[in-house]
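> pasting the sequence and the predicted coordinates here, then a few questions.
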Amino acid sequence: MSAPTQVLFDEPGPKSRRNNVILSIVSALVLLAIAAFVIWKFADAGQLEADKWYPFTFAQIQMVLLQGMIATLKVAVVASVLAMVVGIVFALLRLSNKKVISVPGTIVLEFFRGVPVLLLIFAMFLMFGNDIGPFWSVVFGLTLYNGMVLAEIIRAGILAVPTGQREAAMAIGLRPGQVMSLVLMPQALRAMMPTIIAQIVVLLKDSALGFIVTYQDLLYQVNLIGREYNNLLPTFIVGAVLFIIINMIVAAFARWLESRLQRKTTANTEAEGLSAKIVD
Amino acid sequence: MDFLELLQMFLSGAWGTIKLFTVALIGSMVLGTILAAMRVSPTPVLRAAASTYINVVRNTPLTLVMFFCAFGLPFLDIRFGSTSSFNSFVYATIALTAYTACFVAETLKSGIATIPVGQAEAARAVGLSFGQTLGQVILPQAFRTVIPPLGSVIIAMLKNTSIASAFNNRELISAMRNAIEVRGDLVIPLLFGTALAYLILALVLGRVFDYLEKKLVIMR
């Protein structure tokens, strides 16, 4: 697609070039003023003093932050793996041509997909928290929600594989299970990989909810350090930067994967339209 | 605590969710449109500022954004009213608006990209300025094109209002937690009732967007 941003305005002539420069300067000044206001507010509240930032040079604090980050990643990794399993299972349930299987599957899927993930985490925590602890409460809550979203993504991928593939597989005598596992599923997963990773990023972001059910993740440690050293805002900024870096790495990986996978599967173009519907 | 009192508690929680949702919806639409306009504007400074904002906030968990608003803004002496419950509400609204606006802006930008180039060329040819081209020709069409994905963003925001419960805002989840505290024997019905409330709200929203889609979406 040709960039429409260039079409919205003309190639600037001398007058609009001058206007553009003026506008650039004015908007830069406004943005700088906003930034200055924020910094002044921070300074005014005493959040920029060296002793607020000094604790981050302690090895102990760095260790605690690292532990929090590992705890967050642990939840995200375990939940991602389980959610993929749930996703594949429910995609198959919904694709089943027996109504007895596909209808209950659809109802369960729509239920878990329609409620906030935090509610599912709370439900796990309140019902089984004493037995399974906060870690598994968060993992199961995230798994249920994201598993259902992934199921829809995978199902869309399977439906987007050209029918000739299924017919050919059946023609050479593969059983239905083999058609799915050897022919359709690999192509669907490959075509949908960018969307699946985008959903994993959502899961990773949602893993920050663990702090609400007393799981000792990055946000929990940020809160703890911030109150202990009375430097909540600096600790918050450090924690946010850690989160943003992780997410940007995963997102960049998704983009790289997308560019690699492009034009390699026939299902890709059809799947694109379907995957565009899936957000957050 | 009898059934009626529980119901009353839930209704006030649902009202809190709807209030937060409505204010954040308006806020994120306005901010999202501004961010999208900045991203396609002729001024490089504004383009860079908008895309930096979107990339940073979009990659931050909403919990973290709320955390900053609920715990950080009071530190910076930014307060909005005399009561702490009103303050919590405003902080939650700011966080939800700031976060959702990124997704609204991204959706709108992809909508702008689908408008045929000829539309903008024609607008320029009749002498419209950038602001007129965008505001009177491109954006109205872009909005109508992106109604389905915008619906997904808005429904995601409805579910995201739940996170505000962790930061002293009164809404459905906090009502549920209070109810469970006094009636521990009713954990499962209370959880199920809350889930049902969200499903109903999402269903209504879905219907509204289906209607809008049928009325407004431009077929190409």
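Structure's in. What do you need?
> ok, A:Gly226 touching A:Thr235?
Yes - the pair A:Gly226 / A:Thr235 is scored as a contact, 4.1 Å apart, by Cβ atoms under 8 Å. In this view, the C-beta of every residue, glycine as well, is placed from N, C-alpha and C.
> in the stretch 1-150 of chain A, what residue is nearest chain B?
Relative to chain B, the nearest point of the stretch 1-150 of chain A is A:Pro116 (3.8 Å; Cβ to the nearest Cβ).
> spell out which parts of the stretch 101-250 of chain A neighbour chain B.
Contact residues (Cβ under 8 Å from any Cβ of the partner chain) of the stretch 101-250 of chain A with chain B: A:111, A:114-119, A:122-123, A:126-127, A:205-209, A:211-212, A:219, A:222-223, A:226, A:232-233, A:236, A:239-240, A:243-244, A:247-248.
> could you say what helices and strands the lowest-mean-pLDDT helix or strand in chain B packs with?
One helix or strand of chain B scores below all others by mean pLDDT, DSSP states H and E: helix B:73-75, with a mean of 83. Contacts defined by 3 or more Cβ pairs under 8 Å, 6 or more residues apart in numbering or on different chains; DSSP states H and E place helix B:73-75 against helix B:84-114.
> what comes up buried for the very next helix or strand once past the helix it packs on?
Downstream of helix B:84-114, the first helix or strand assigned by DSSP states H and E is helix B:117-125. By neighbour count with 16 or more other Cβ atoms under 10 Å in any protein chain shown, helix B:117-125 contains the buried residues B:119-120, B:123-124.
> over to stretch A:19-35?
A:20, A:23, A:27-28.
> make JSON lines out of these and add distance to B:Ala36.
Shown next, in JSON lines, are these (distance: Cβ to Cβ, whole Å):
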{"residue": "A:Asn20", "distance to B:Ala36": "20"}
{"residue": "A:Leu23", "distance to B:Ala36": "18"}
{"residue": "A:Ser27", "distance to B:Ala36": "16"}
{"residue": "A:Ala28", "distance to B:Ala36": "20"}
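> from the residues you listed, which are also near chain B?
Contacts with chain B are made by A:20, A:23, A:27-28 out of the buried residues of stretch A:19-35, judged by Cβ under 8 Å from any Cβ.
> now do the biggest helix by length in chain B, average pLDDT.
Longest helix in chain B by number of residues (criterion: DSSP state H): helix B:3-39. Per-residue pLDDT over helix B:3-39 has a mean of 93.
> tell me the angle it makes with helix B:84-114.
Orientation check (axes from the mean of the first three to the mean of the last three Cα atoms, to 10 degrees): helix B:3-39 against helix B:84-114 gives 40 degrees.
> show me what helix B:3-39 is packed up against.
Of the remaining helices and strands, those touching helix B:3-39 by 3+ Cβ pairs under 8 Å, 6+ apart are helix B:44-58, helix B:84-114, helix B:147-160, helix B:172-182, helix B:187-216.
> quick check: which of those is nearest to A:Ala91?
Counting by Cβ to Cβ, A:Ala91 lies closest to helix B:147-160 out of the helices and strands packed on helix B:3-39; the figure is 19.2 Å.
> got a list of contacts for the closest one?
For helix B:147-160, contacts defined as Cβ atoms under 8 Å, 6 or more residues apart in numbering or on different chains pick out A:115-117, A:276-280, B:17, B:21, B:24-25, B:28, B:62, B:96, B:99-100, B:103-104, B:107-108, B:110, B:143, B:198, B:201-202, B:205-206, B:209, B:212-213, B:216-217.
> pull out the buried members of the residues you listed.
A:115-117, A:278-280, B:17, B:21, B:24-25, B:28, B:62, B:96, B:99-100, B:103-104, B:107-108, B:143, B:198, B:201-202, B:205, B:209, B:212.
> sorry, back to before: okay, the angle between the longest helix of chain B and helix B:44-58?
150 degrees.
> report the buried residues of helix B:3-39.
B:6, B:9-10, B:13-14, B:16-17, B:19-21, B:23-25, B:27-29, B:31-33, B:35-39.
> next: stretch A:246-266.
Neighbour counts over stretch A:246-266 (16+ other Cβ under 10 Å) mark A:246-247, A:250-251, A:254, A:265 as buried.
> distance between that stretch and the chain's centre?
Centroid separation between stretch A:246-266 and its chain, computed with Cα atoms, centre = their mean, to the nearest Å, is 14 Å.
> ok, residues contacting that stretch?
Counting by Cβ under 8 Å, 6+ apart, A:69, A:73, A:161-162, A:187, A:190-191, A:193-194, A:197-198, A:200-201, A:204-205, A:268, B:55, B:59-60 sit against stretch A:246-266.
> from those, which would you call buried?
Buried residues within the contacts of stretch A:246-266, counting neighbours by 16+ other Cβ under 10 Å: A:69, A:161, A:187, A:190-191, A:193-194, A:197-198, A:200-201, A:204-205, A:268, B:59-60.
> okay, and which of the residues you listed map to helices?
A:69, A:187, A:190-191, A:193-194, A:197-198, A:200-201, A:204-205, A:268.
> which two of the residues you listed have the greatest separation?
Maximum pairwise distance in these, criterion Cβ to Cβ, is 35.6 Å, between A:Met69 and A:Gln187.
> could I get the buried residue list for the helix or strand where B:Pro140 lies?
Assigned by DSSP H and E, B:Pro140 falls within helix B:139-145. For helix B:139-145, burial by neighbour count (16+ other Cβ under 10 Å) applies to B:139, B:141-143, B:145.
> any buried residues in stretch B:179-190, and which?
B:179-180, B:183, B:186, B:190.
> out of those, who's near chain A?
Among the buried residues of stretch B:179-190, the residues within reach of chain A (Cβ under 8 Å from any Cβ) are B:Ile180.
> I'd like the buried residues of stretch B:179-190 as TSV, with distance to B:Asn168 appended.
Listed next are the buried residues of stretch B:179-190 as TSV, based on distance: Cβ to Cβ, whole Å:
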residue	distance to B:Asn168
B:Ala179	17
B:Ile180	17
B:Arg183	22
B:Leu186	24
B:Leu190	20
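> could you dump the buried residues of stretch B:179-190 to a markdown table with pLDDT?
Output for the buried residues of stretch B:179-190, formatted as a markdown table (pLDDT from 0 to 100):
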| residue | pLDDT |
| --- | --- |
| B:Ala179 | 90 |
| B:Ile180 | 88 |
| B:Arg183 | 84 |
| B:Leu186 | 84 |
| B:Leu190 | 90 |
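> nearest to A:Met63, of the buried residues of stretch B:179-190?
A:Met63 lies nearest to B:Ile180 out of those, by Cβ to Cβ, at 36.1 Å.
> surely that closest one touches A:Leu126?
Yes - using Cβ under 8 Å, B:Ile180 is in contact with A:Leu126, at 6.5 Å.
> now list whatever residues contact both of the two.
With Cβ under 8 Å, 6+ apart as the test, B:Ile180 and A:Leu126 both reach B:Val187.
> many thanks, have a good one.
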